[in-house]
Structures are given as C-alpha cells and as structure tokens.
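Participant: Sharing a model that was predicted from the sequence below.
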Amino acid sequence: MHIVSILTSLTSGGAEMLVVNLNKEFVAAGHRSTVVTLADADSVGNSCAMEATLRQRILDEGGDHISLQLGTSRNPLRGWRQMRALVRRLKPDVVHAHTARALLMLLAHPGKAPVVLTHHNSKLSFPTAMFRLFDQIADAYVAISKETEQIFTQNVKRPIAYIPNAASKSFSASAPRIRASANPQILSVGTISAQKHYDLLVEAAVALKNRIGVGAMPKFMIAGNGADLENMRVMAQDRGVADHVHFLGERSDIAQLMQSSDLYLNTSRYEGMPVALLEAMASGLPIVATKVAGNTELVGHRDNGLLCPLDDAEDLAGAISNLIDDADLYSHCSAAAIERSKSFSIEATCANHLALYQKIRTA
C-alpha cells in the first residue's frame, strides 16, 4: 500500500510525532509512506530546526516528505488544486488527513483512494455542522480517545475506528523508578498555548514555593515553543519563580529529558490523547495531571499518578509534593506507568491503522 498522511506542518506536537512514528512502522511493514505537510514550519511560526530534524528522520526511516507550501493561506481553491495535483501524481492507496483543513482539500479528489480523518483533540476547532460535509469526503474516521470517539458517534455517519495514540519505542524504562532524586526535575512537554495552560503551572510553582520554601524547590522544565512563550517568561518573573521554571523551547531530545526527569506534569485544559504523556509513562515517570478529557483516559488517580482539579494550583502543588516526599507512592506510580504504557504500543497502533486501511479499500 502507498499511504499518504497529511499534517499542517512538521513540528513536535502529538499528532506530528504520531505520524512520524507511524511512518517508520508502515515502511517496516513493507508499505510506502509519504508524509505531506500543508505548510513549511517558518510560514506558520514553527521551528525550522525541528522541521529539518523530523524531515530527515522521515527520510532516514524510508519514507518521503512533500510540502505544499500553502503557509497560512486560507484560499480554499488554491489548496484544493494543489491537493488534486498531488493525489494525481502520487496515486496513493489511502489518504489519511490528520487535520480537518486537509480534508476539505480532498473533496472530489482524483483516483479511488479512500480518505480517513483523525481529529486529534477533544475540542473542535470547527462547527459540528461541518461533519455533514466531512461525511461526503471521508470514508472513515479514527478516534484517538473515548472522548473523540463520542464526538464522532454524535456527529458522523461513516465508520469510526477507535485507535489510541502511542509513543515511539525509543521511550522505555528497563525498571520502575524507586524515588525522586535529591534535586527533583519536573518536565512538561507541549506547545505554549492556551490549551496547555502553563499559567497554571507557574501558579503551581508559586504555591509549591510557598509550601516548601526556596531551598527545597524542584526544577520545572517546559519543552515547547509558541506565541505565548515570552509572556509566560514574564509571568514567571513577575510571580517570583523565574529561577525555578525553565522554558527550554522546542526540543528534539525529549527521550533524554524524560530519562533525567523525576515527574511529568500536564496542566492542560483539555487533551485528545497526549503523546507526550504516553512517552512519560513508557519512561516510568509518575504523572501529575489535570482531571480533564484525554488525561483521565491515561492516568488513574494514585495508580500511575495523581489527578487534580483544573485551575487548582494548590492541589497541583500538593500532588507534586506528595510524590516527591512519598517514596512508596512514587515507586508504585512509576511501576504502574510502565505497565499502563504497554497497552499503547506503536506496533498495535500501526497494525490497527493498516487493518482499517485495508478494510476501507476493499469495502
């Protein structure tokens, strides 16, 4: 099979990392894989260095990459024409859109390749009425979580496949962690945006500082870029925690950061099924996360981590403190994180995608 997967751009987000990981698995299974991006990184404010790293990885692992170079252009006719020309040239066996913007460009595309749409979040970026049009284009939908499955069930008439996300095999722990280190490091990964709610992380750092004092403060690290980066740095400075909250920018060494960290912190307002959280689990990191859609499907309270109410900085600070101080709870959550991560293997995710593609090709 020739599988064409479509993204907005190459960046370190969950959808993008999933597609890059699947590219490797598709090729290893004997298929041809082409990753198509609608825009170059710099045209949409993403890191050119990260784009280059991911593009090279796609090529090194046997896939191809093509950019339509549409940038932020919302000219639907231009995008539609370029997508038609691309599909006509590539002659794929299946086209998988990982962004709704791409789906509209596939309206009445040439050839017989079935079309799949994955929506990677539990919050829609478009009105539900659009699903009526999507049903005229898509042959099937992939739900990455129970929440997204419910959204599709309520709004579409085409088949829905529940296929959870998965982490790369490069994230793994040989054994559970025993306790937090003497100088704990707390890692968060993701674009600095309203969804990720890093202002709550800053407030949690303030609450923790007030609770345990400056000398015992852990190091918070945020790996991610975004339009709000400078505003968040200013907020950390203004709230007196700039020495404790470190903004690392977009990073390509997330596996190494996971290995050197003690806890993983997710402060999101909502999620789909966060790949970074899956990576943290596979790395044996106990989790502290907000009790919101996406997180609750992966984290069991006092099992592989602790769940906290949204917008409760004091509760987050308490959860972090508990995991750092309680070695028994810490080691239990680390072991449970590793065990839980085994239910979300990239091999199974690949096999389920391939089974779906084969099914809709022969329908």
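Facilitator: That came through fine. Residues are numbered from 1 along each chain as shown.

Participant: Strands along the stretch 1-150 of the chain, start to end?
Facilitator: 2-7, 32-37, 64-67, 94-97, 115-118, 140-143 (DSSP state E, counting those that start in this stretch).

Participant: for L54, what are its contacts?
Facilitator: Residues near L54 by C-beta atoms under 8 Å, 6 or more residues apart in numbering: 10-12, 16, 20. Any C-beta I mention is one placed from the backbone N, CA and C, and that applies to glycine too.

Participant: actually L59, not the one I typed
Facilitator: L59 makes contacts with H65, as judged by C-beta under 8 Å, 6+ apart.

Participant: again, but for the one 10 residues further on
Facilitator: When contacts are counted by C-beta under 8 Å, 6+ apart, Q69 touches 39-40, 43.

Participant: For it, give its distance to N225.
Facilitator: Distance of Q69 to N225, computed by C-beta to C-beta, to the nearest Å: 21 Å.

Participant: Could I get the strands of the stretch 1-150 of the chain in CSV, plus columns for mean neighbour count?
Facilitator: Formatted as CSV, these follow (neighbours: other C-beta atoms under 10 Å):
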stretch, mean neighbour count
strand 2-7, 24
strand 32-37, 23
strand 64-67, 17
strand 94-97, 26
strand 115-118, 25
strand 140-143, 24
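
Participant: if we can go back for a sec, ok, the contacts of Q69 vs D328, which is closest?
Facilitator: Nearest to D328 among these: A39, at 48.7 Å, using C-beta to C-beta.

Participant: and the angle for the biggest helix by length in the chain with strand 2-7?
Facilitator: Longest helix in the chain, counting residues (DSSP state H): helix 346-362. Angle, helix 346-362 to strand 2-7, by axes from the mean of the first three to the mean of the last three C-alpha atoms, to 10 degrees: 110 degrees.

Participant: Between all of the contacts of L54, which two are separated the most?
Facilitator: Farthest pair in the contacts of L54, by C-beta to C-beta: T11 and V20, 10.3 Å.

Participant: So for stretch 55-67, mean pLDDT?
Facilitator: In this model, stretch 55-67 has an average pLDDT of 98.

Participant: gap between the two ends of it?
Facilitator: When the termini of stretch 55-67 are compared using C-alpha to C-alpha, to the nearest Å, they are 10 Å apart.

Participant: Could you list the domains of this structure?
Facilitator: 2-166+345-362, 185-341 (automatic domain parsing).

Participant: so what's G79 up against?
Facilitator: 38, 68, 70, 73, 101, 104-105.

Participant: Nearest to A194 among those residues?
Facilitator: Nearest to A194 among the contacts of G79: R101, at 19.4 Å, using C-beta to C-beta.

Participant: Check the burial of the closest one by counting its neighbours.
Facilitator: 17 (other C-beta atoms under 10 Å).

Participant: Distance across stretch 89-107, terminal residue to terminal residue?
Facilitator: In terms of C-alpha to C-alpha, the two terminal residues of stretch 89-107 are separated by 16 Å.

Participant: Let me know the average pLDDT across it.
Facilitator: 95.

Participant: Tell me the buried residues in it?
Facilitator: Buried residues in stretch 89-107, counted by 16 or more other C-beta atoms under 10 Å: 90, 92-106.

Participant: buried set for the longest helix of the chain?
Facilitator: For helix 346-362, the neighbour count (16+ other C-beta under 10 Å) marks 346, 349-350, 352-354, 356-357, 360 as buried.

Participant: for the closest residue to M17 other than its chain neighbours, what are its contacts?
Facilitator: Leaving out its chain neighbours, the residue that sits closest to M17 by C-beta to C-beta, 6 or more residues apart in numbering is V275, at 5.2 Å. For V275, the contact set (C-beta under 8 Å, 6+ apart) comprises 14, 17-18, 165-167.

Participant: between the strands of the stretch 1-150 of the chain, which one is nearest to M221?
Facilitator: strand 2-7 (26.1 Å).

Participant: pretty sure G111 is touching R88, no?
Facilitator: Yes - G111 is within contact range of R88, at 6.9 Å (criterion: C-beta atoms under 8 Å).

Participant: For stretch 132-140, list every residue counted as buried.
Facilitator: Those would be 134, 137-140, for stretch 132-140 by 16+ other C-beta under 10 Å.

Participant: quick revisit: just the buried ones from the contacts of Q69?
Facilitator: Buried subset of the contacts of Q69 (neighbour count, 16+ other C-beta under 10 Å): 39-40.

Participant: export the contacts of Q69 to TSV and tack on distance to D311?
Facilitator: Converted to TSV, the contacts of Q69 look like this (distance: C-beta to C-beta, whole Å):
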residue	distance to D311
A39	33
D40	36
S43	34
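
Participant: Can you tell me which of the contacts of Q69 is nearest E339?
Facilitator: A39 (39.3 Å).

Participant: Which residues are in contact with the closest one?
Facilitator: So A39 contacts 8-9, 67-72 (C-beta under 8 Å, 6+ apart).

Participant: Tabulate those (JSON lines), appending distance to T53.
Facilitator: Formatted as JSON lines, these follow (distance: C-beta to C-beta, whole Å):
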{"residue": "T8", "distance to T53": "17"}
{"residue": "S9", "distance to T53": "13"}
{"residue": "S67", "distance to T53": "15"}
{"residue": "L68", "distance to T53": "20"}
{"residue": "Q69", "distance to T53": "19"}
{"residue": "L70", "distance to T53": "22"}
{"residue": "G71", "distance to T53": "21"}
{"residue": "T72", "distance to T53": "23"}
